[in-house]
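Participant: Sequence and computational prediction follow.
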Amino acid sequence: MTFDNGATYMVSFTASASASKTINVNVGKGLDADPWWLAYAPTQTCVIEETKAAYSYMFEMTQETFDNGKIVFELGTVNGDATTAVVSIDNINVVKLDSVLTDSWNIWEQDEWSGPGAGTMTYADSVLTVDVTGGVGNAYSPQVYQDGITFTQGNDYLVMFEASALDTKTINVNIGQALSADPWWQAFAPTETLVIDTAKSLYVYEFTMTEATYDNGKMVFELGTINGDATITTLAIEDIRIIENARLNN
């Protein structure tokens, strides 16, 4: 595997075991002399349970670019756990996260049917900060969006961002094409309804573009009333990425 200096990567996989077992996951470069290993990411220690679960983490490659990197699952005695078990690991992905969206974010607060929403937004250092101040009569107002994104028919896309809120709030994330007449919207991906908590979390989902290729696609964060949640709060959404030809599960 090639790892580029300065790039950010996400490692993901699903795993289960016949009995609970602790394992290590390492990404790096094998050496032919002591110390035998150059780490590209901190060791990830995971407890694999009998029920299949998803695991993921991110790291920045600070070493020089190398085209023969390794991912290693260590299954021996880890933290004193010497359990013998059958461990199943699948859907292993190492994805380069090189598609942070631009700073061209906009806020829309209008709604001629239910009255305008209210909010302000800023974008700096890859962080989109939105202060929702009122007027949340519908799910879609207020909203922040970015358009001008190309989506190619048949391609897979991975959407990811980190988010937190001063007060827990439900939001919708939509990706598609704005239309000039009813139904006003052509979805490229199912609506993702997420509960954003006060602790920053990573949110990831994927979709396949089945509509015709379009070069003015739109990503929308809807911040109005969703599932009865009309919370007025401030949200921070950061490192927003749409990565082409990437999947969590192969």
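Facilitator: Happy to help now that I have it. Residues are numbered from 1 along each chain as shown.

Participant: neighbouring contacts of stretch 202-210?
Facilitator: 10, 12, 56, 58, 151-163, 173, 175, 188-190, 192, 194, 246-249 (C-beta atoms under 8 Å, 6 or more residues apart in numbering). The C-beta positions use only the backbone N, C-alpha and C, and glycine is treated the same way.

Participant: how about residue 210, secondary structure?
Facilitator: Under the three-state scheme (DSSP: H, G, I helix; E, B strand; the rest coil), residue 210 adopts coil.

Participant: so who does residue 185 touch?
Facilitator: So residue 185 contacts 174, 176, 177, 178, 179 (C-beta under 8 Å, 6+ apart).

Participant: which of the residues in the strand or helix carrying residue 205 are buried?
Facilitator: Element membership for residue 205, per DSSP states H and E: strand 201-208. For strand 201-208, a neighbour-count test (16 or more other C-beta atoms under 10 Å) marks 203, 204, 207 as buried.

Participant: Can I get those in JSON lines including pLDDT and distance to residue 51?
Facilitator: JSON lines is the format used below for those (pLDDT from 0 to 100; distance: C-beta to C-beta, whole Å):
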{"residue": "203", "pLDDT": "90", "distance to residue 51": "22"}
{"residue": "204", "pLDDT": "88", "distance to residue 51": "20"}
{"residue": "207", "pLDDT": "94", "distance to residue 51": "26"}
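
Participant: buried stuff in stretch 7-21?
Facilitator: In stretch 7-21, counting by 16+ other C-beta under 10 Å, buried: 8, 9, 10, 11, 12, 13, 14, 15, 16, 17, 21.

Participant: Also stretch 211-231?
Facilitator: For stretch 211-231, by 16+ other C-beta under 10 Å, it's 214, 217, 218, 219, 220, 221, 222, 223, 224, 225, 226, 231.

Participant: and for the one helix or strand the second one maps to, what are the contacting residues?
Facilitator: Per DSSP H and E, residue 217 falls inside strand 214-222. When contacts are taken as C-beta under 8 Å, 6+ apart, the neighbours of strand 214-222 outside the stretch itself are 101, 128, 130, 139-141, 143-151, 159, 171-178, 188, 237, 240, 242.

Participant: For the residue sitting nearest the centre point of the chain, report the pLDDT, please.
Facilitator: Note on the chain: the residue nearest the mean C-alpha position is residue 160, at 2.0 Å, using C-alpha atoms, centre = their mean. pLDDT for residue 160: 89.

Participant: now swap in residue 112 and tell me
Facilitator: Reading off the model, residue 112 has pLDDT 53.

Participant: ok, the residue lying farthest from the centre of the chain - contacts?
Facilitator: Going by C-alpha atoms, centre = their mean, the residue of the chain most distant from its centre is residue 33, 37.6 Å out. Going by C-beta under 8 Å, 6+ apart, residue 33 touches no other residue.

Participant: which of the contacts of strand 214-222 are buried?
Facilitator: 101, 128, 130, 139-141, 143-146, 149, 151, 159, 171-177, 188, 237, 240, 242.

Participant: quick one: low-confidence ranges for the chain?
Facilitator: Judged by pLDDT under 70, the chain has its weakly predicted residues at 98-100, 110-118, 135-136, 247-250.
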